[in-house]
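> Sequence and computational prediction follow.
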Amino acid sequence: MNIRFATEADVSTIFQLIMHLAEFEKLAHEVEATEEQLTKTLFGEQAYAEVLIAELDSGEPAGFALFFHNYSTFLGKPGIYLEDLCVLEQHRGQGIGITLLRKLAELCIERDCGRLEWSVLDWNVDAIRFYEANGAELLNEWITNRVSGDNLFKLAQHQ
């Protein structure tokens with residue numbers, strides 16, 4: 001297995017992996033991303049996130065991790081926020097997920113980041129167990145907030 005940074009040539013693969021994750025999470029109806037958008041936002045003049053791709057020895061993609069930097073005012077350091085980590089179902093249980101997570105931890109150390117963070121759906125018990133078994137602390141006292149769609153426009157327009 002090989003973990004590598006994605007390139008623009010991987011956009012189609014990244015899109016397919018995102019769709020696989022969306023279907024697993026029963027959220028495919030919410031996907032608005034296109035390959036064109038991914039090209040622009042991941043590999044354009046202003047790249048907003050990075051992607052690691054896990055490949056089998058044959059070169060077949062088996063999973064991915066999409067992440068970006070955030071910042072901790074308390075630590076005074078950047079962090080890495082893992083937006084999505086997904087291993088294709090047929091390749092689970094082979095150590096791919098932990099290898100991706102370890103690579104992200106290595107990047108945190110290399111980049112002098114203070115922490116690695118992510119969210120997990122409360123119904124995804126297998127993922128929760130996996131993360132806890134690998135040192136993650138569930139922060140139940142924190143509630144995620146989101147403003148999107150029409151509400152984002154309303155907020156921006158002070159309506």
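Nice, I can see it.
> CA atoms for contacts and neighbours, from now on please.
Fine.
> can you give me the helices for this protein?
For the chain, applying DSSP state H gives helices covering 11-24, 35-43, 96-110, 125-133, 149-156.
> Tyr91 contacts Ala62, doesn't it?
For residue 91 the amino acid is His, not Tyr. Yes. Using Cα atoms under 8 Å, His91 makes contact with Ala62 at a distance of 6.2 Å.
> and Trp123, how many neighbours?
For Trp123, the count of nearby residues is 9 (other Cα atoms under 10 Å).
> Would you mind measuring from Arg102 to Asn151?
37 Å (Cα to Cα, to the nearest Å).
> how many other residues sit next to Leu85?
21.
> Now do the same contact list for it.
With contact set as Cα atoms under 8 Å, 6 or more residues apart in numbering, Leu85 has these partners: 63-66, 97, 100.
> Swap in 6 Å and give it another go.
Shown in contact with Leu85 (Cα atoms under 6 Å, 6 or more residues apart in numbering): 64-65.
> Where does pLDDT dip in the protein?
Low-confidence segments of the chain, defined by pLDDT under 70: 159.
> center of it, which residue is that?
Closest to where the C-alpha atoms of the chain average out (Cα atoms, centre = their mean) is Asp84, at 2.3 Å.
> quick one: that one and Phe67 touch, right?
No. Taking contacts as Cα atoms under 6 Å, Asp84 lies outside contact range of Phe67: 7.0 Å.
> Can you name the residues bridging to the residue nearest to the centre of the chain?
Leu66 (DSSP bridges).
> now it: how far from Arg129?
When Asp84 is compared with Arg129 (using Cα to Cα), they lie 17 Å apart.
> try Gly79
23 Å.
> higher neighbour count, those two?
Gly79 (22 against 11).
> mind listing what the more buried one touches?
Applying Cα under 6 Å, 6+ apart, the residues near Gly79 are 69-71, 113-116.
> Please indicate which of the residues you listed are buried?
70, 113-116 (16 or more other Cα atoms under 10 Å).
> Between these, which sits nearest Ile3?
Looking at these and their distance to Ile3, the nearest is Leu116, at 18.0 Å (Cα to Cα).
> if I read this right, that closest one contacts Ile80, doesn't it?
Yes. Counting by Cα under 6 Å, Leu116 touches Ile80, with 4.9 Å between them.
> can you pull up the bridge partners for Ala54?
Here Ala54, judged by DSSP bridges, has bridge partners Ile3, Gly63.
> how much space between it and Ile109?
20 Å.
> Those two: which is more packed in?
Set Ala54 next to Ile109 and count neighbours by other Cα under 10 Å: Ala54 wins out with 25 against 14.
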